[in-house]
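> How does the following fold in three dimensions:
(2 chains)
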Amino acid sequence: MRANPTLALTWAAMKMWFRDRQALFWSLFLPLVIMVIFGLMNFGAFGRVDVGVIDLADNPESQGMLAVLEIVEALDITRESDRASALSALERGERELVLVIPAEFGSSGGPAAREGTGGFPPVTLEVFYNEGQPREYQVGLAVLRQVTDELTFQFTDADRLFLIDATPVESRNLRYVDFLMPGIVAMAIMQMGLFSVAFAFVQLKRQGILRRLLATPVKPVSFLFAQVVTRLTISVLQTGVLVGVAVLFFDVELAGNILSILALALVGGAVFISLGFAVSGWARSEEVAAPIANVIALPMMFLSGVFFPREAMPKILQNVTEYLPLTYLADSMRSVAIDGATLWSQWVGLIGLAVWLAVSFVLAVTLFRWE
Amino acid sequence: MTDLSPSPGAIIEVRDIHKSYGNLAAVAGVSFSVKKGEVFGILGPNGAGKTTTVEILEGMRPPDSGVAMVDGIDVRSDPRRVKSVIGIQLQSSAFFDKLSLAEILQVFGSLYGKRVNPRAFLEQVDLQDRAKSQYKTLSGGQKQRFSIATALVNDPLVLFLDEPTTGLDPQARHHMWELVQGFKEEGRTILLTTHYMEEAEELCDRVAIMDAGKIIALDQPQSLIDALLGRGFRKEHIERLANLEDVFLDLTGRALREG
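Alright, predicted model coming up:
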């Protein structure tokens, strides 16, 4: 039986890749670590509002209100002994809100005072809040207003004019890790394609390995085919592993089809592998290939919405970064993973990636040199 | 006009080849033929055109003009077929990291469409103990020998050796010479380039001396020496009966030194 040079080269390239600890580190281990660290940090999640309470009244009414506040899940109530320590805790950022229940609470404004007269001076609850945490203090204040309104209704027996009919709906609670996972997958594909091809080829050329291969009757295209197929296989494996870890260990719920995600990995892989070939054609040594690959990859890592939504960028930047290949890949992957979009609904991203593939393929063919 | 019919018994036939790089004529009209089973040396200072001549014969680059044939195959029209009947040891080549010597030999075999037994080829160059090693862990002499093993996987008719002993210690050099003589006994044709005249004298049946892109002398080493003596040349000092290399080998032995 004759041995097939293309298959043998592909198998050899695969073995070399899996034995290369650096390659494994950059394309699998590092993206995993980033996902774990950022996933555990859970940036952007809404925490509970820390409320410090100084109860100067300390009577059944104030105790009653505190008991209600403690039930509210959004609040984390800490009883403070005095005003000074409560305010310094607020200044240190340990509290978002400090509530002072005055001594006259319940006695002047309570049910006892309501007899006979139609009106009485309202009791003022003093609240101090941390201006730097608008989301937290607004939630805290809203809860406080609602609780005091409830108490007012109880004390005055006034009829409610409006009622709210709230119905619970099961909805997706998007955590940061859900947002992050598709971005990290896209980033890992970029790093693998760009760096592993650029470095491998510059090294093969510099060491004369490519020249030695060209001294055999093997067709150069067999060798290129082996390299491309190996990298595409790895980008699919990489995606599978990263998505798998996210689903198993971070309870990321995959709304879309995993096959659509793997298909996107293939298309994205092809784009960045071509870019890698272009870089390896341009660069004569690893020392040159590294900065060129970094100049391409680093800005995209931060501009393509891998770590945070592009909506957070200035409008002008959003308009430009929309056309980056990593943006197309990350956005499409995210739509499939989070929103459960189908592959074909991502036609804008797919066309964007196809255009980039054409551009980088032409670049690779023009710039690539065997020697 | 040059005669294009092959000389009888010739496996390599070179007729008036030229190759220029820009304004520089690297090879300016070179003709020679190599007989089957012959060890043929190409000598010359750096930049003489040795490497370009050899690369043309290996099908690595086409000549600008002239004809070069290996085993009756025109290198210009069918370089891949030429490559399939020759074996090449390049002066400075590396092999894949992360693969063992045995795995690299299997890959090279497959490039010729062959399934090979790596052990057999490693034994031919005395590397059978290093089958599982990586290329980069080998000593200089071992690297050169492994390079020759990769050139043997297709059972080549012609073996091209490019400065096979450059940078080797005397023991490794003598070991390499024994290997080359073994290949000659197997009936292979060998074309080698070298900077060591002693090596050419020891191994080559005929040598071509090149300078400035042309062959300036071509004959058996002894005939070239006799011709020089015939022109009245005499060394100022009469050749000693031993030289420093003999002293070195006598003191350190001929056994190979490698890790």
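
> Now the one residue sitting closest to the centre of chain A. Nearest residue, chain neighbours left out?
The centroid of chain A falls nearest to A:Leu180 when counting by Cα atoms, centre = their mean (2.6 Å). Nearest residue to A:Leu180, sequence neighbours excluded (Cβ to Cβ, 6 or more residues apart in numbering or on different chains): A:Phe38, at 5.5 Å. Where you see a C-beta, it was placed from the backbone N, CA and C, and this is true even at glycine.

> Does the one you found belong to a helix, a strand or coil?
Under the three-state scheme (DSSP: H, G, I helix; E, B strand; the rest coil), A:Phe38 adopts helix.

> Kindly report the same for A:Glu73.
Under three-state DSSP, A:Glu73 falls in the coil class.

> Show the contacting residues for the closest residue to it other than its chain neighbours.
Distances taken as Cβ to Cβ, 6+ apart put A:Arg48 closest to A:Glu73, at 7.4 Å, once the chain neighbours are dropped. By Cβ atoms under 8 Å, 6 or more residues apart in numbering or on different chains, the residues touching A:Arg48 are A:Glu73, A:Ala74, A:Leu75, A:Asp76.

> go on, B:Val153?
B:Gly87, B:Leu105, B:Phe108, B:Gly109, B:Tyr112, B:Lys114, B:Val116, B:Phe121.

> Which ones among those lie within helices?
Those of the contacts of B:Val153 mapping onto helices are B:Leu105, B:Phe108, B:Gly109, B:Phe121, per DSSP state H.

> contacts with chain A among these, please.
Of the residues in the ones in helices among the contacts of B:Val153, proximity to chain A by Cβ under 8 Å from any Cβ of the partner chain holds for B:Phe108, B:Gly109.

> In TSV: the ones in helices among the contacts of B:Val153, plus distance to A:Glu91, neighbour count and pLDDT.
Output for these, formatted as TSV (distance: Cβ to Cβ, whole Å; neighbours: other Cβ atoms under 10 Å in any protein chain shown; pLDDT from 0 to 100):
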residue	distance to A:Glu91	neighbour count	pLDDT
B:Leu105	73	26	96
B:Phe108	73	27	95
B:Gly109	76	22	95
B:Phe121	78	24	94
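
> Ignoring the adjacent residues along the chain, who's closest to the residue of the stretch 201-350 of chain A found nearest chain B?
Closest to chain B within the stretch 201-350 of chain A is A:Gln207: 3.8 Å, counting by Cβ to the nearest Cβ. Spatial nearest neighbour of A:Gln207, chain neighbours left out: B:Ala94 (3.8 Å); criterion: Cβ to Cβ, 6+ apart.

> Is that neighbour located within a helix, as I assumed?
No - going by three-state DSSP, the assignment for B:Ala94 is coil, not a helix.

> Count the residues that sit near it.
Neighbour count for B:Ala94, taken as other Cβ atoms under 10 Å in any protein chain shown: 18.

> mind listing the helices for the stretch 51-200 of chain B?
For the stretch 51-200 of chain B, the helices defined by DSSP state H, counting those that start in this stretch cover B:79-85, B:101-111, B:118-124, B:140-152, B:170-185, B:197-203.
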